[in-house]
Each structure stands twice: as C-alpha cells, then as structure tokens.
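S.K.: Mind looking at a prediction? Sequence and model below.
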Amino acid sequence: METVRYETSEVCTFSAGQGAACRCLIGTSGYSYVEWIDSGFYPAGTKSSAMLALYGRHFSVVELNYTWYQMARVEPLRRMADAAPDHLLFAAKLTRTMTHERDHDWRDQLQQYRKGIAPLADKLLAVLVQLPPDFDRTINNRHFLAELLDRLAGLPIAVEFRHASWAVDSVFAELERRKVTLVTVDEPDIAGLFPCLDVVTNPELFYVRFHGRNKKGWLSGNMQKKFDYNYQQHELQQWCDKHLLQIARQATRGILFFNNHVGAQAPRNAQVLAQVIKQSASLRKS
Amino acid sequence: MTRERFILHMNVADFAVAAERIQDAGLAEKPLIISPLQAARAVVYDMSEEAYGDGVRKGMALREAARLCRRAQILPPRFELYHKVMHAFVREAQMFSPLLESGNGDGHLFLDITGTHRLIGAPPDVGWRLRKQAQQKIGIDPIWSVAANKLVAKVASRLVKPAGEYFVSPGEEASFLAPLSVRLLPGIDSQEMARLNEFNITQVGQLATLDHAQLFSVFGKRGETLHNISHGVDQERIRPYCRHRDRVVREHHVLADDTAEKRVIEGIVTALAVRIGMKLRTDQLVGRRLALQLNYSDGSLVVRQASVKHGVSDEDTLRTLALLALERAWNRRTRVRSCILTCSRLHAASRQLTLFAATDKKQQRQQRLMAAMDLVRKQFGVDSLRFASQAWLQ
C-alpha cells in the first residue's frame, strides 16, 4: 500500500486584525488507530508503540480520548509522556464515569483522575469535559457542573456541551468568570445539538472540535459512521472566514482537533486546515 | 508481516452471584454464598463481594463460611441458569467478533478483535460498548480489558477487579507487568510460587530480570514458560466457542444392595446409556465420549472411558461404548455401590441431509426402530422398553 506523506506544519500564527497574534495548534482526537495504517497515514507495519512519535512529526498537539474510556493512570501516562516528542502538547478527556456514566463515587474518581494526569504536567493544555447529549440545563445538572468545575480548579478546563439549552449568556458569563474554555463545535446540523458559536470565554485558550457533518451517521449511533466525514477545502475555508477570524481575535492561543478519525480523514483534514489558515494569514499580511 | 493482536477480555466478577441477582433483584447488595446445601461436606462455590469482605473464600467449607458471614443468604448452585446467562452473554459478544472463547460458564470471555477496527471501531470502544450491552440486555456488569494477548488481558482484569477497565497498549506488556505482584500472573502453580518466595521474588519485574539459564536451574523446563509469562509473551490462540463443549450429560444409579455381580452392573450401565441417548436425541445433540465411574463399597472408585471419532446419539453405539468402558473398569472383586455414566464432548447434531439415500437397509431399519422406541418411551416413560440385559434389574 502506498504511504501518503504529510509535509505541512500544523502550527499557525494567526493575526486576526487588532491585538496580539493568536497561535493556533491543530491536531486530531486520538492518534492510536490501526485503521490509519491501512489508510496510509502511518507507514505499513507501524507498531502501536511507534505511532505517537510518527504523529509528532506532523502535529504539535493531540487530544487523548482513551482517558474517556478508562481512568487516567500515572504509569501508562508517564510512559507515554516520556516516549512523546518534546514539542508535543496534550489535551485529555475527562473519564466517562464523571460525565456520561456518573458513578456515586465520582468525587473520589476525580481525585484519581487528577493524580493520573499529573505526568503530563505543563504539557497539558486542557482537560476536556465532554458532556452527554442528554445533559440539559436543569438545576441539578447546573449544580453538578459547578461542583465538577470547582473540584477541577487549578487545571486548564474546557467544557463541551452537546445540549442546546446551555447556549445562553449566563452560562458563558459564568465560564468566563471561572476562566473555563467553552468548546466550539462543528457538527451536523441537528435540532437540539449545541450550536457552533464564536463565543470565547477564556482569553488564554480557545478550543475547537470538528466532528464532521455526517448527519445520517450521527443519528445511527455507530461510531464508525458517526465520525465518517471528509471536510472539503472550501468547507474549511468557509469555516475559517466565518468563525476562526472572530474566535482568534479574542484569544492568544487556540487548539483545533479533528474527530473524524474514520479512514484517517482527521489527520488529512487537519493538514488542509493548516494550509487554509496559513494562506488566510499570508493574504491578510499582503 | 505480523499484525498486532487485540484481545478483549470480559469478566463478570462472582458470576454465579450475578446470575442469581438477575433472577431475583432482591438479592442485590446482600451477602450471598452459593453452595450445595444437601452435600455432607459442602464447600463454597461462589460468593458475593459483601461475603468476600467478611472473609468468605471459594472452596472454603460452608460451615466455616457461614460462621464468618452470619448474615449471608445461602443458595444452592443452579448450573443450568449460569449456562443460560453465559450463553446470552456470548450471543451479545458474537456481534463484535466471530472468534471468541468462553470459560467454563464462569463469566470469562476472550474476544479476538484484531482487524475489526474498520467495521466496529477502536478496541477500547468495543470493550465499552459490549459492557454497556451486557448491562442493558442481560443485567450483568463485566470488567473489560484490552491487550495484545490473553495473558496480559487477564492480568489487567485482575488488577481492576471487581469493577473497571484497563487498556494495555501493544508493546507495553513487559513494562505494564513489571511493578505487579507475581501472584497476579496466571499459570504459576503453588509450588512455583513457594519457590519464588524462597528467592524473595515478589514482583514480576524481578522475575523478568532472570535469564533462561537461571530460570532453568531452578524450575527446569518450566523456566522457559516463566520467562515468557514474566515478559508478557503469550502466543496462545483463542479457542473458538462451542455452546455445548463444556456441557455434559450425566446419569447416576445407586444400587439398593451393593453387588459384585457383573451382569447386574451391565444391566445398570445399559439403562444409563439408554437414558443418556434419550436426553441427547431430545436436545438434538451428539457426544463423542462416555466415561463410567464405579463407586465401590470400600469408598474407592474407578473411572474408565470409551470414545468415538464422530458424535453419536443412537442407543446401540452408546450401549456398546458404555459396556466397553465397563470392560475396562471391571478389574476388582469389591462390591459396587453406585455407577455414574457421563457423556461429554458434545456438539449439535447435524441436520444436513445426506446427498444419496441410505442404502444400508439394516441401518434404515435400525433408525426406524429407534424412532418408534423413542415415541413409546416419551409416552410411557424411559423404562417402558428395556434391553434383555436389563432384566436383572428390579
């Protein structure tokens, strides 16, 4: 199988008008996919243990999504951090037992999580708190979220809502007060899903997740269909013109992740986005 | 080029207890002990986490267990129920991989999910989804772990027991095992464990530092195995699941008066073979092995077997096999107190029709006769028709 080589850099300094330039780092949600060998992103015969180093040749940031499936543990994360290229930075998802499948002992689990991610130290750009689609803005859920954010204090936090009821000014104001990043999402246009907004609640970091726009796949509940989407260059260009310009004005740093991992579309689209941003930035300069 | 393997291990902790709790939700979170109540010297078959917390262990004498956990409810084991729950679990798992291995109806499942990522997604996602399905559809809550082989996956499950999950990335086997206790390693017997203790080896990493020659000098040929285990090397393949493989059909006869008369025992063995044949044909199964156990009046016992290459369920062959096993077992003059005949290596009877009509007229007649006998026995009882050799029985 022919191996596709990716040459572009994914770190873009983006000056969006007045104020300081915003440094954008682009990466993917997860990096350890055997499927990416078949799809040519990793060379044939790549072992799992070699994937992070190869990923680091193309990207400077990665979102760890396996910490959603299992509790973050010191030993494996230390081994991973030691083996990672020096320049590689991380975002780590909060474990599902504190979001989607909340256990009665979630407070203890949160302590375990804090200890577990400690080896990432200053390489950790954000802890991603992804909330489930049925997590709507009720009194109970608001209290839970407030306590969760209190207990995560001291860590760089980004919150991704899936339910549209959270798209209100009072929520953004509270996140701003806490210096918690609101995650901007690009996803299928489905009623009830949290919309794509240009709201930045933390001037130190914005966080974007590209889930793909496969509406049928999203509703199927099948992960391989849900995240099977290939962004076209003009779609990413439109997204940059419409949203990134606005967002980048309000923050000094941003991370953008592609979650459409099926068929290695995520790393390819990340490369395209990097090109799009670079071209936009050079056009603005000229 | 060899592809990295991904083995998913699912384990329902305290499986018998979990199955009982599916049947009776009122048993949830109560201390439970599963043990045969009627047996004179009953031991604990399984216990709940609550009873475990009170000191109850598998294999412990029931009297001792009941003393340690006075509040525990004691239930007799229901193997058919456990078999049914296990089969339901396997059915869910089969949606994720055709290559799976189940334990002996004990809540353990190994799935080889190598190369299935494009169809069903990444390995941790498969583990998470299968657990969710088992919770929602069956009511059990398995631990799951993913690793490059069965050995490491099993250790990872042991590490998080009684609840949780663990993903060991391929290539990390040795570093994952190194800080763990050698007691977590499967496949090390008690004598070897005692020997390791003598050398003050408590961690897997310490064992892994020993080279082949050092291990050979202490453990002989087993040194090679211990070396592999300590480095997380395990080439064992998944043994494909067969629903009936671990199942047996067993018949038991206790004599009113102990006897050493062979023709009486022949009659009993024939009757047991007839009963087993009826059961097999009713369940559309065939078996390949018959084992006869003779229990003598002095407390000793003899077990002998007879087997065939292809599965059978017809009375003639089963009787011939049972009598052959008796021939092999009949080497004492002591009186026999009871006989147990067990048919094993079961599988489903083929429903495939033969391409050509049977030409053996004798065989055809025999089949018709057996079908007619089955009808009579179903209506009037299994002892309504007997072989002449059973005439000696009361």
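M.R.: Good, I have the coordinates.
S.K.: what's near enough to touch the residue in chain B that chain A sits nearest to?
M.R.: Closest to chain A within chain B is residue B:171: 3.4 Å, counting by CB to the nearest CB. C-betas here are computed from N, CA, C, even on glycine. Shown in contact with residue B:171 (CB atoms under 8 Å, 6 or more residues apart in numbering or on different chains): A:47, A:48, A:49, B:4, B:148.
S.K.: for those, which one is nearest residue B:31?
M.R.: Distance to residue B:31, by CB to CB, is smallest for residue B:148 among the contacts of residue B:171, at 37.8 Å.
S.K.: List the residues that contact the closest one.
M.R.: B:4, B:5, B:6, B:7, B:168, B:170, B:171, B:173, B:232.
S.K.: For residue B:160, which non-adjacent residue is closest in space?
M.R.: In space, and not counting its chain neighbours, residue B:160 is closest to residue B:166: 5.3 Å by CB to CB, 6 or more residues apart in numbering or on different chains.
S.K.: what secondary structure does the one you found sit in?
M.R.: Recorded secondary structure, residue B:166: strand (DSSP: H, G, I helix; E, B strand; the rest coil).
S.K.: Next: residue A:191.
M.R.: Judged by three-state DSSP, the three-state class of residue A:191 is coil.
S.K.: So it versus residue A:214, what's the distance?
M.R.: Separation of residue A:191 from residue A:214 (CB to CB, to the nearest Å): 16 Å.
S.K.: Counting neighbours around each, name which of those two comes out higher.
M.R.: Using other CB atoms under 10 Å in any protein chain shown, the more surrounded residue of residue A:191 and residue A:214 is residue A:214, with 19 against 5.
S.K.: For chain B, see how far away the more buried one is.
M.R.: Separation of residue A:214 from chain B (CB to the nearest CB, to the nearest Å) stands at 15 Å.
S.K.: Ok, residue A:113 next?
M.R.: Distance of residue A:113 to chain B, computed by CB to the nearest CB: 13 Å.
S.K.: Need the phi and psi values for that residue.
M.R.: Taking degrees, to the nearest 10, you get phi -60, psi -40 for the backbone angles of residue A:113.
S.K.: and chain A, which residues reach chain B?
M.R.: A:30, A:32-35, A:38, A:44-45, A:47-49, A:66, A:69-71, A:75-76, A:79, A:96, A:223-224 (CB under 8 Å from any CB of the partner chain).
S.K.: So for stretch B:281-290, what gets flagged as buried?
M.R.: Buried residues in stretch B:281-290, defined by neighbour count with 16 or more other CB atoms under 10 Å in any protein chain shown: B:281, B:285, B:286, B:287, B:288, B:289, B:290.
S.K.: And for stretch B:312-324?
M.R.: B:312, B:313, B:314, B:315, B:317, B:318, B:319, B:320, B:321, B:322, B:323, B:324.
S.K.: Likewise for stretch B:339-355?
M.R.: Going by neighbour count (16+ other CB under 10 Å), the buried part of stretch B:339-355 is B:339, B:340, B:341, B:342, B:343, B:344, B:345, B:346, B:349.
S.K.: I'd like to know which of these are part of strands.
M.R.: Among the buried residues of stretch B:339-355, DSSP state E puts B:339, B:340, B:341, B:342, B:343, B:344 in strands.
S.K.: so the fourth one makes contact with residue B:252?
M.R.: No - the pair residue B:342 and residue B:252 does not pass the contact test of CB atoms under 8 Å, sitting 9.3 Å apart.
S.K.: Specify the helix with the largest residue count in chain A.
M.R.: Looking across chain A with DSSP state H, the single longest helix is helix A:265-285.
S.K.: can you give me the strands in the chain?
M.R.: You didn't say which chain, so I picked chain A. So, for chain A - with DSSP E - the strands run A:11-14, A:22-29, A:61-64, A:89-93, A:124-130, A:157-160, A:181-186, A:206-210, A:253-258.
S.K.: try again with chain B
M.R.: Using DSSP E, strands in chain B cover B:7-11, B:32-34, B:46-47, B:73-75, B:100-102, B:108-112, B:143-147, B:165-167, B:249-259, B:285-296, B:301-312, B:336-344, B:347-348.
S.K.: Run a quick neighbour tally on residue 121.
M.R.: Because you didn't say which chain, this covers chain A. Residue A:121 has 9 neighbouring residues, counting by other CB under 10 Å.
S.K.: Actually, chain B is the one I wanted.
M.R.: 24.
S.K.: Enumerate every residue touching the nearest residue to it once chain neighbours are set aside.
M.R.: Spatial nearest neighbour of residue B:121, chain neighbours left out: residue A:223 (4.6 Å); criterion: CB to CB, 6+ apart. By CB under 8 Å, 6+ apart, residue A:223 lies in contact with B:121, B:122, B:125.
S.K.: The second one - nearest residue in space that isn't next to it in sequence?
M.R.: Taking CB to CB, 6+ apart as the measure, residue B:122 lies nearest to residue A:33, with 6.3 Å between them; neighbours along the chain are not counted.
S.K.: Hmm, residue A:261 and the one you found touching each other?
M.R.: Yes - counting by CB under 8 Å, residue A:261 is a contact partner of residue A:33 at 5.7 Å.
S.K.: Pretty sure residue B:276 sits against residue B:253.
M.R.: No - using CB under 8 Å, residue B:276 makes no contact with residue B:253, being 11.8 Å away.
S.K.: Counting neighbours around each, name which of those two comes out higher.
M.R.: residue B:276 (24 against 17).
S.K.: Can you check the pLDDT for the more buried one?
M.R.: If you check residue B:276, the pLDDT there is 92.
S.K.: contacting residues around it?
M.R.: B:249, B:251, B:287, B:290, B:318, B:341, B:343.
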